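>>> this is the structure alone, sequence omitted:
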C-alpha cells in the first residue's frame, strides 16, 4: 500500500508495521533477534509489526539496526537557514512571538458591511 493523505492514521501505522516486518524478514531475522539487536522487547516489536503501535525511540532503534535510519532525512529534511536567520545565528529560539499586524485593505467585502 502506498501511504498517502487519504489513508487513515490507523492504516498508515499498520502499513509501517508491515514494512518493518518485511524488512526484518528480508534480513532473515526472527522477531527475537531484531528485538535484541535494537534493545527492545520482542513484545514491543510484535506489537509494532501487527498494529504499527510503536514509540518513536523504539522505531529509531529498529531503523538503526535495519540500516534505514538515514531515511528519516527524507521524512523531515534538515532545515536550511534563510538570510534573516544569520543575524541570530548561535542564539536558540525560546518562543514564537506574534507580531501585531494592522488590517490591510483587500478591496473586497463580505457583503454584510455597510
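In hand now; what should we look at? Keep in mind the model is a prediction, meaning the values are calculated, not measured. Numbers count the residues shown, from 1 in each chain.
>>> and residue 40, helix, strand or coil?
Following DSSP: H, G, I helix; E, B strand; the rest coil, we place residue 40 in the coil state.
>>> please read off the pLDDT at it from the model.
Note on residue 40: pLDDT of 97.
>>> who's in contact with it?
Residues near residue 40 by Cβ atoms under 8 Å, 6 or more residues apart in numbering: 58, 61-62. Where you see a C-beta, it was placed from the backbone N, CA and C, and this is true even at glycine.
>>> the same query, at a cut-off of 6 Å, please.
Applying Cβ atoms under 6 Å, 6 or more residues apart in numbering, we find residue 40 in contact with 58, 61.
>>> roughly how far does it sit from residue 110?
Using Cβ to Cβ, to the nearest Å, residue 40 is found at 55 Å from residue 110.
>>> can you check residue 49 too?
Taken as Cβ to Cβ, the span from residue 49 to residue 110 is 53 Å.
>>> so those two - more neighbours on which side?
Counting neighbours by other Cβ atoms under 10 Å for residue 49 and for residue 110 shows that residue 49 has the greater number, 24 against 5.
>>> go ahead and confirm that one touches residue 17.
Yes: between residue 49 and residue 17 there is a contact at 4.8 Å, judged by Cβ atoms under 6 Å.
>>> give the residues shared as contacts by those two.
Between them, residue 49 and residue 17 share no contacting residue, judged by Cβ under 6 Å, 6+ apart.
>>> residue nearest the centroid of the chain?
Nearest residue to the geometric centre of the chain (Cα atoms, centre = their mean): residue 75, 6.1 Å.
>>> can you pull the pLDDT of that residue?
Residue 75 is given a pLDDT of 86.
>>> backbone phi and psi for it, please?
With angles defined as degrees, to the nearest 10, residue 75 sits at phi -70, psi -50.
>>> next one: the one 3 residues further on
The phi and psi torsions at residue 78 (degrees, to the nearest 10) take the values phi -60, psi 140.
>>> right, I'll call it a day here.
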